[in-house]
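[1] sequence and predicted structure, then a few things I'm wondering about:
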Amino acid sequence: MKLSVVITSFNFKEYIEECVDSIINQNIGWDYEIIISDDASKDNSKKILQDRYSNVPNIKLHFNDNNIGAVNNIKLSFEQCKGEYIFFLDGDDYLIDTSYINRAITFLDENKKYSMYCSGYKFLKNKEIFPTDYFYIPLKSDVYLKDMYIDQNYISFGRVFRNYKNIVHDWMNDLYYPDWAINCEILKNGPAKCEQDRYVGIYRITGNGMLTGYSEEEKHKRHVDTLNKMKEKYSNKTINIIDCFVHNDRIREKLSNCIDNLKSSKNEILLITNTTVDQSVVEKIDYLFYDKNDRLFNPKNYEHDTVDLYKIFDDFEIHNIVPNVQKNGLSVLINLFRSLTIAKNLGYTHFQRFEVDDLYGEESLKKIIENQEMCIQENKKGIFYVNKNNNPPDFSFHYMFCEIDFFLKQCENIFSEEDYISFIKKHKSSKKFVIVEEYMYLNLINSSDLILKNGSEMYSDFPDTSWNTENSVSHNDEKYNKCVTKIYSIRKNGNDESNYAIFSYNYSSELKNRKIIVKNKDGMAYTLNHSLSDFGYWQYNIVDENIQSIDVYENDKFLYSEDLNELSSYLIFKK
């Protein structure tokens, strides 16, 4: 069935026939039903309805034994609807445009993103229709949920909407204007289209309606009360989540700077961490969750390929290809789901997650706000960046914005390594390890409710952000002793060059003096020295194609050897 018309009635004996007949007179081109629910009227409404309409095939009459109230009567009526669409009309109002319902349904059929359709109206009081020379129209052509808690209810007359289930709730009984909240529930599914060029029906002023019968002062008071409740119920409450493992002074400083930057978004901040943080940091944030247990994946539980841990510098990029068991990925996921559970219980509806080592500039912080607004405008649940060129493709963990309930429902919740192993078994034919970025991809890629942007767009969307300025030491083999010295192939314009680079990067807070014995294929050898005074210091040398292997020493103590057979990492020069 295409349409269900719902008419609610209470003591409308003088008006109910005009209301029902205005529906019967509509030029409706589809199968439809009319559900009339009388809420135990004390006048002659029941008899009038029975005498006039009990034998009309597509009219269903329902009479409540006791008065259950407007909200419960509407809820009961909606539950009986079989139509794809619902048109709702109070029993004392009526339509005058006989093509209106057809026009509304045609629009909604052709525009799936919209949830509702409405139009303009005039008033009827004491048998006079007014105003005479104009009519009232919705103040916006397109109405979104966020519009409904700014200053008023923007939805007007003649609501035709898709038959969404469970849009009327018991808490609405406490509202002066429950229609406002019902409209918000509908708009959670998409915006409303509002006609601006005509009026299609008549609101009747009887003296005891929700909009009339009260002094201007009382009406204003009721309006403000309802508006505040709409703000409380439907405004998006977003929390910024930072997951940070503080293992050196630079991370402490970056955490403090990250918090200062995110304060500009006006969202409250939840810090979840497996290490203690300074009191000065605690005083800056709104919520702190500390778990002293840093849970790590056990590599022995999985088969694994490799992952690219890259760093971007001004003139070049370093791509470290390492086994893809992200040891600390387990804590990352457990912390994420714990923090979302906490945030939901605190009343937040949306979250943004940030990496503490991504240093956002002013333009990037503006883009973060724009992303939130774009999701609301397009009625999407969140925004993620997809690295489609990775093999396998994955989602970026550097920045994400999403509705909490949607995320928890779409993603398999991870609170232990056993949960993750169970997830892998469902999605893979083997025990091959899935990095957390691919985990996100597998959970969310098929959702049409998300805005999915190409990962490369992060650089244009956030032009003044320095990405990935810290790498977790847990990604690196213990043999490197917190300073990676390796042979890298050199790429330009996507092609391998004939020479190589010896590159060192210090992940520790200590001076690292590396002596590197470079052995060539002709049996000759020579020595390079890299002195890296602190975390983040790096040094490299270009070597020719004759290189065979390197022996790496630290303070003249032998650490390890690597040869070309182990070569997988590479360096890209941008110029």
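    Nice, thanks for sending it over.
[2] helices along the stretch 1-150 of the chain, start to end?
    Remark: helices assigned in the stretch 1-150 of the chain by DSSP state H, counting those that start in this stretch are 16-24, 45-53, 70-79, 100-110.
[3] of all those, which lies closest to residue 256?
    Nearest of the helices of the stretch 1-150 of the chain to residue 256, taken as Cβ to Cβ: helix 70-79 at 49.6 Å. (C-beta placed from N, C-alpha, C; glycine too.)
[4] pull that closest one out as CSV, backbone CA atoms only.
    Backbone C-alpha positions of helix 70-79 (Å, rounded to 0.1, in the frame of the first residue of the first chain) are rendered in CSV as follows:
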residue,chain,number,x,y,z
ALA,A,70,-2.8,13.1,22.0
VAL,A,71,0.7,11.5,22.0
ASN,A,72,-0.5,8.0,22.7
ASN,A,73,-3.4,8.3,20.3
ILE,A,74,-0.9,9.3,17.5
LYS,A,75,1.4,6.5,18.4
LEU,A,76,-1.4,3.9,18.3
SER,A,77,-2.5,5.3,14.9
PHE,A,78,1.0,5.1,13.4
GLU,A,79,1.4,1.6,14.6
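[5] list the buried ones in that helix?
    70-78 (16 or more other Cβ atoms under 10 Å).
[6] which one of the helices of the stretch 1-150 of the chain lies closest to residue 233?
    helix 70-79 (14.6 Å).
[7] residue contacts, residue 176?
    Contacts for residue 176 (Cβ atoms under 8 Å, 6 or more residues apart in numbering) come out as 210, 222-223, 225-226.
[8] equivalent analysis for residue 502, please.
    With Cβ under 8 Å, 6+ apart, residue 502 has these contacts: 485-488, 516, 518, 528, 530, 540-541, 543, 550.
[9] of these - the most surrounded one?
    In terms of neighbour count, residue 485 stands highest of the contacts of residue 502 at 27 neighbours, by other Cβ atoms under 10 Å.
[10] got phi/psi on that one?
    Dihedral pair for residue 485: phi -120, psi 120, per degrees, to the nearest 10.
[11] next: residue 272.
    phi -120, psi 130.
[12] just checking, it touches residue 241?
    Yes - Residue 272 sits in contact with residue 241 when judged by Cβ atoms under 8 Å, with a separation of 6.8 Å.
[13] what's the pLDDT at the residue lying closest to residue 2 once chain neighbours are set aside?
    Closest residue to residue 2 apart from its sequence neighbours, by Cβ to Cβ, 6 or more residues apart in numbering: residue 30 at 3.4 Å. You'll see residue 30 listed with a pLDDT of 96.
[14] now swap in residue 156 and tell me
    pLDDT at residue 156 comes out at 95.
[15] show me where pLDDT drops low in the stretch 451-575 of the chain?
    468-475, 494 (pLDDT under 70).
[16] lowest-scoring secondary structure element of the chain by mean pLDDT?
    When each helix and strand of the chain is scored by mean pLDDT, DSSP states H and E, strand 306-312 comes last, with a mean of 79.
[17] sheet-wise, list the partners of that one with their directions.
    Note on strand 306-312: by DSSP bridges, its sheet partners are strand 316-323 (antiparallel).
[18] which element follows the strand it pairs with toward the C-terminus?
    helix 329-345 (DSSP states H and E).
[19] run through who's touching that following helix.
    In contact with helix 329-345 (Cβ under 8 Å, 6+ apart) are residues 239, 241, 243, 245, 270, 272-274, 287, 289, 291, 294-297, 326, 351, 353, 397, 404-405, 407-408, 413-417, 420, 435-436, 439.
[20] with stretch 540-553 instead?
    Residues contacting stretch 540-553 (Cβ under 8 Å, 6+ apart): 485, 487-488, 490, 498-504, 514-522, 528, 558-564, 571.
[21] quick one: buried residues of that stretch?
    In stretch 540-553, counting by 16+ other Cβ under 10 Å, buried: 540, 543, 547-553.
[22] ok, which pair from these is furthest apart?
    540 and 548 (18.4 Å).
[23] one step back: Serialize the contacts of residue 176 to JSON lines and add fields for secondary structure, neighbour count and distance to residue 264.
    Converted to JSON lines, those look like this (DSSP: H, G, I helix; E, B strand; the rest coil; neighbours: other Cβ atoms under 10 Å; distance: Cβ to Cβ, whole Å):
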{"residue": "210", "secondary structure": "coil", "neighbour count": "17", "distance to residue 264": "41"}
{"residue": "222", "secondary structure": "helix", "neighbour count": "16", "distance to residue 264": "36"}
{"residue": "223", "secondary structure": "helix", "neighbour count": "17", "distance to residue 264": "33"}
{"residue": "225", "secondary structure": "helix", "neighbour count": "13", "distance to residue 264": "32"}
{"residue": "226", "secondary structure": "helix", "neighbour count": "20", "distance to residue 264": "32"}
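[24] any idea how far residue 239 is from residue 398?
    For residue 398, the distance to residue 239 equals 18 Å [Cβ to Cβ, to the nearest Å].
[25] mind checking which of these two has more residues around it?
    It is residue 239, of residue 398 and residue 239, that has more neighbours when counted by other Cβ under 10 Å, with 24 against 18.
[26] what sits against the more buried one?
    267-270, 287, 343, 346, 348, 350-352.
[27] out of those residues, who's nearest residue 97?
    Nearest to residue 97 among the contacts of residue 239, with distances taken as Cβ to Cβ, is residue 350, at 39.4 Å.
[28] next, count neighbours for that closest one.
    Residue 350, neighbours per other Cβ under 10 Å, totals 22.
[29] hmm, it is touching residue 400, no?
    No - Residue 350 lies out of contact with residue 400 (Cβ under 8 Å); the separation is 10.6 Å.
[30] find residues that contact each of the two.
    residue 382.
[31] strands along the stretch 51-200 of the chain, start to end?
    59-63, 85-90, 94-95, 116-125, 128-130, 142-143, 157-162, 192-204 (DSSP state E, counting those that start in this stretch).
[32] can you give me the helices in the stretch 301-450 of the chain?
    329-345, 362-377, 404-410, 417-427, 436-444.
[33] generate CSV for the ones you listed, with mean pLDDT as supplementary columns.
    Output for the helices of the stretch 301-450 of the chain, formatted as CSV (pLDDT from 0 to 100):
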stretch, mean pLDDT
helix 329-345, 92
helix 362-377, 86
helix 404-410, 94
helix 417-427, 92
helix 436-444, 94
